[in-house]
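J.: coords please:
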Amino acid sequence: MNEEQTNKLRALINKEIEELKLTIERVKETVQPVAPDDAIGRLTRMEAINAKSISEANLRSAQVRLGKLEYALNNLDDPEFGICAGCDEPIPIGRLMVMPESRMCVKCIEDR
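T.: Just a heads-up that it's a prediction; the model follows:
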């Protein structure tokens, strides 16, 4: 990966990290405990609990991806960054631009 690609990837990762942090803050507001008599508009309490469960899953997913993106950002200058953990070949820059947290190429992921 050349310096221009590294800089584009760094900017992309920083942008995605900021967006994820905002998303996490918004989702945190929706995972508050549901009171026993809570009915939000036309939702029943059970629907509110289900909505809370979905929000909690989204929150966990966003937090995991944030950690992976932060790891990628911290290791971007490492010579091993962008090298597939499965086959030791370079991960195509197109894949890294779509999923900067990728540690394996598509072929190795599919073979898994």
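J.: pLDDT weak spots in this protein?
T.: Applying pLDDT under 70 to the predicted model, the residue ranges of the chain that meet it are 34-43.
J.: so in it, which helix runs the longest?
T.: Longest helix in the chain, counting residues (DSSP state H): helix 45-74.
J.: skip ahead from that helix and say which helix or strand is next.
T.: Toward the C-terminus, helix 45-74 is succeeded by helix 93-98 as the next helix or strand (DSSP states H and E).
J.: what residues sit buried inside that next one?
T.: Counting neighbours by 16 or more other CB atoms under 10 Å, one finds that the buried residues in helix 93-98 are 95-96. Bear in mind the C-beta positions are built from the backbone N, C-alpha and C, glycine included.
J.: what's the neighbour count on N7?
T.: Burial of N7 is recorded as 11 neighbouring residues (other CB atoms under 10 Å).
J.: meant to ask about K15
T.: Number of residues near K15 (other CB under 10 Å) recorded here: 10.
J.: can you tell me how far it is from S102?
T.: In this structure, K15 and S102 are separated by 17 Å, where distance is defined by CB to CB, to the nearest Å.
J.: buried residues in the longest helix of the chain?
T.: Along helix 45-74, the positions that meet the burial threshold by neighbour count (16+ other CB under 10 Å) are 48, 52, 55, 58-59, 62, 65-66, 69, 72-73.
J.: ditto for stretch 16-29
T.: Along stretch 16-29, the positions that meet the burial threshold by neighbour count (16+ other CB under 10 Å) are 16-17, 20, 23, 27.
J.: of those, closest to D88?
T.: For the buried residues of stretch 16-29, the closest approach to D88 (CB to CB) belongs to E16, at 26.2 Å.
J.: which residues touch the closest one?
T.: Residues in contact with E16, defined by CB atoms under 8 Å, 6 or more residues apart in numbering, are 69, 100.
J.: what about it, which helix or strand?
T.: Secondary structure from DSSP H and E places E16 in helix 3-29.
J.: report the inter-axis angle for that helix versus helix 45-74.
T.: Inter-element angle recorded for helix 3-29 and helix 45-74: 160 degrees (by axes from the mean of the first three to the mean of the last three CA atoms, to 10 degrees).
J.: starting at the chain centroid, how far to helix 3-29?
T.: The chain centroid and the centroid of helix 3-29 are separated by 9 Å under CA atoms, centre = their mean, to the nearest Å.
J.: having no further points to raise, I will conclude here.
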